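Asks: Take this sequence and fold it.
(2 chains)
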Amino acid sequence: MTDTKSQTPSPTDQTAAQVRFEDFGLSPDILRALTEQGYVHPTPIQAQAIPVVLQGKDVMGAAQTGTGKTAGFSLPIIQRLLAHANSSASPARHPVRALILTPTRELADQVAENVKAYSRFTPLRSTVVFGGVDMNPQTAALRAGVEIVIATPGRLLDHVQQKTINLSQTQILVMDEADRMLDMGFLPDLQRIINLLPKQRQNLMFSATFSPEIKKLAASFLNQPQTIEVARSNATSDNVTQILYKVSEEEKRDAVSFIIRERGLKQVIVFSNTKIGASRLAVHLVKQGVKAAAIHGDKSQNERMVALEDFKRGEVEVLVATDVAARGLDISEMPCVINFDLPYNAEDYVHRIGRTGRAGAKGDAISLHTDQDERLLVDIEKLIKQKIVRLQLSGFVATSVHTERTKPARERFDAGSRHESGSRHDARPARGYQPPREKVDPWFLKPYTPSTTASLPVATAQAEEVSAAKPQKRAALLGGLLKARS
DNA sequence: AAAAAAC
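Replies: Okay, here's the model as predicted:
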């Protein structure tokens, strides 16, 4: 909902800030919804996208999350559906006329909430469709009739198969976070869905980055699209201060709680590369009295929802997340994000830190890195075309250890407890000497041994081969798509 | 290497 909030204009916003939502010729019913929410001025992407979408043109939009993208496409879509009412259909029948696809369930839910809010005073109906929850309520809503459907691809196709949805009248298609959908291997699903739609339709595609693959996708799906680009692609916001702290693998968890305590953070997302890592870190933080919760794909949809709601309400102060939350999640006023792990994919770094410094506000992006991360760091700095500031985590002493197994960790534990002024060590003195637990995550704990160091170049070379092959495979897929269409 | 998404 922070999407369209008017903001302190930065120099580049000045023209946009002078425009008002009233200037677009939107229906009074839409303007009323906007007024009630206190939205007066469009964000730059909204100012650019709304008129173009209203004209019925295809759009290729490059926009980071937090730029007001959702309102940028949903407001004009609602307007178009209102203006071109289905005269032929009986009033009881509401065919799906606009379809909005998103990569994650949470994002689908949020977009749906926004669409509902903007169309509140119109006769248009909308519903959201995604997996992990009971199909029946969705089926009931679709039966009752909706003009706008917001969906994740898998469950949508499920409904198609069950014949509980009819897409033969869909005039507008939106692909939100298209780059993410490609990354997640949704291309075949996208193609299947598009084949179900009328050939004559309006297509809107939004992507945080303009990779060659995205351009190919745009070329195959869009019809003479108008390009809208607000932020430089792959650029990080100037409002975000990026910091790096070098720590050892064993120190990471304590470093996170140290940073949270030291800065008095009350709203922070911590990104972990693994689901198990996210869960463990959350448990660790809770044990230290931090109000933390984990959100990742192994949690039930209900748990994910509850964690997100609690976080938005402030009941949870630290949300430990995998990349399920890297893109799209609309969480307002995020002053800080922490990378517990550096992401494997440099683009994900951009998305993660895009969770902060939004809508003109300042933000901090703090990343922990270890010796093993050097390569990832190089990739990231190459992508964002800047060096990230390396700082010392001054005053930090690890008080507990990741694993009790490695000798260096134990030494650090002893050293830490001697210098530490707090009493956590005294409260639980036996902790450092317990025998190792049975289930040790091999990925998480990589001991420093000469043999692993020696084998590293080989492993790296293999990894390069794989990642080099991937785009080609995608390109081949896209090529097939192009041929199939022509 | 991981994560996400349909049952």
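Asks: only C-alpha atoms for contact and neighbour calcs from this point on.
Replies: Fine.
Asks: per the record, what domains does chain A have?
Replies: Under the assignment automatic domain parsing, the domains of chain A span A:2-229, A:240-396.
Asks: could I get the ones you listed as TSV with mean pLDDT and mean neighbour count?
Replies: Compiled in TSV, these are given as follows (pLDDT from 0 to 100; neighbours: other C-alpha atoms under 10 Å):
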stretch	mean pLDDT	mean neighbour count
domain A:2-229	88	18
domain A:240-396	91	19
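Asks: What lies in contact with stretch A:77-85?
Replies: A:L26, A:S27, A:I30, A:V53, A:L54, A:R97, A:A98, A:S119, A:T122, A:L124, A:I172 (C-alpha atoms under 8 Å, 6 or more residues apart in numbering).
Asks: tell me the contacts of the last one?
Replies: The neighbours of A:I172, taking C-alpha under 8 Å, 6+ apart as the test, are A:I77, A:R97, A:A98, A:L99, A:R201, A:Q202, A:N203, A:L204.
Asks: quick one: contacts for the closest residue to the fifth one other than its chain neighbours?
Replies: Across the structure, with C-alpha to C-alpha, 6 or more residues apart in numbering as the measure, the residue nearest A:R201 apart from its sequence neighbours is A:Q171 (4.6 Å). Contact analysis of A:Q171 by C-alpha under 8 Å, 6+ apart lists A:R97, A:A98, A:L197, A:P198, A:Q200, A:R201, A:Q202.
Asks: who in chain A is up against DNA strand B?
Replies: Neighbours of DNA strand B within chain A, by C-alpha under 7 Å from any atom of the strand: A:103-106, A:130-135, A:152-158, A:183-186, A:273-276, A:295-298, A:322-324, A:344-345, A:443, A:463, A:466.
Asks: Might you specify the subset of those residues located within strands?
Replies: Members of those lying in strands (criterion: DSSP state E): A:I295.
Asks: Please enumerate residues in contact with the helix or strand containing A:L142?
Replies: For A:L142, the element it lies in under DSSP states H and E is helix A:135-144. With C-alpha under 8 Å, 6+ apart as the test, helix A:135-144 has contacts from A:H94, A:T127, A:V128, A:V129, A:H159, A:T164, A:I165.
Asks: and the two most separated of the contacts of A:I172?
Replies: Pairwise distances across these peak at 13.9 Å for A:R97 and A:L204 (criterion: C-alpha to C-alpha).
Asks: what sits against the closest residue to DNA strand B within the stretch 301-450 of chain A?
Replies: With C-alpha to the nearest atom of the strand, the shortest gap between the stretch 301-450 of chain A and DNA strand B falls at A:V324, namely 3.7 Å. With contacts defined as C-alpha under 8 Å, 6+ apart, the neighbours of A:V324 are A:T104, A:I295, A:H296, A:G297.
Asks: one more time with 10 Å
Replies: A:P103, A:T104, A:R105, A:E106, A:L107, A:F271, A:K275, A:I295, A:H296, A:G297, A:R304 (C-alpha atoms under 10 Å, 6 or more residues apart in numbering).
Asks: Out of these, list just those in helices.
Replies: Judged by DSSP state H, helices contain the following of those: A:R105, A:E106, A:L107, A:K275, A:R304.
Asks: from those, which is closest to DNA strand B?
Replies: Using C-alpha to the nearest atom of the strand, these come closest to DNA strand B at A:K275, 3.5 Å.
Asks: Test my guess that the closest one contacts A:K299.
Replies: Yes - with contact defined as C-alpha atoms under 10 Å, A:K275 counts as touching A:K299 (9.1 Å).
Asks: Would you mind measuring from A:L31 to DNA strand B?
Replies: 32 Å (C-alpha to the nearest atom of the strand, to the nearest Å).
Asks: what's in contact with the helix or strand that contains A:L285?
Replies: Assigned by DSSP H and E, A:L285 belongs to helix A:275-287. Outside of helix A:275-287, the residues within contact range by C-alpha under 10 Å, 6+ apart are A:252-254, A:256-257, A:260, A:270-272, A:274, A:288-299, A:318-324, A:340-341, A:400, A:441, A:443-444.
Asks: one step back: give me the distance between the helix holding A:L142 and the centre of its chain.
Replies: 27 Å (C-alpha atoms, centre = their mean, to the nearest Å).
Asks: now, which of the ones in helices among the contacts of A:V324 sits nearest A:S211?
Replies: Using C-alpha to C-alpha, these come closest to A:S211 at A:L107, 21.6 Å.
Asks: Quick check: phi and psi on the nearest residue to A:V115 once chain neighbours are set aside?
Replies: Spatial nearest neighbour of A:V115, excluding adjacent residues (C-alpha to C-alpha, 6+ apart): A:S74 at 6.2 Å. As for A:S74, its main-chain torsions (degrees, to the nearest 10) stand at phi -70, psi -30.
Asks: who are the neighbours in contact with A:T35?
Replies: Counting by C-alpha under 10 Å, 6+ apart, A:T35 has contacts A:F21, A:E22, A:D29.
Asks: what's the answer for A:S272, then?
Replies: Applying C-alpha under 10 Å, 6+ apart, we find A:S272 in contact with A:278-281, A:294, A:296, A:320-323, A:338-343.
Asks: let's go with 7 Å and repeat that
Replies: A:A278, A:A321, A:T322, A:N339, A:F340, A:D341 (C-alpha atoms under 7 Å, 6 or more residues apart in numbering).
Asks: Of these, which belong to helices?
Replies: Reading helices off those with DSSP H, I get A:A278.
Asks: the strands in the stretch 251-400 of chain A, which residues?
Replies: Ranges of strands in the stretch 251-400 of chain A, per DSSP state E, counting those that start in this stretch, are A:268-271, A:292-295, A:318-321, A:336-339, A:363-369, A:389-391.
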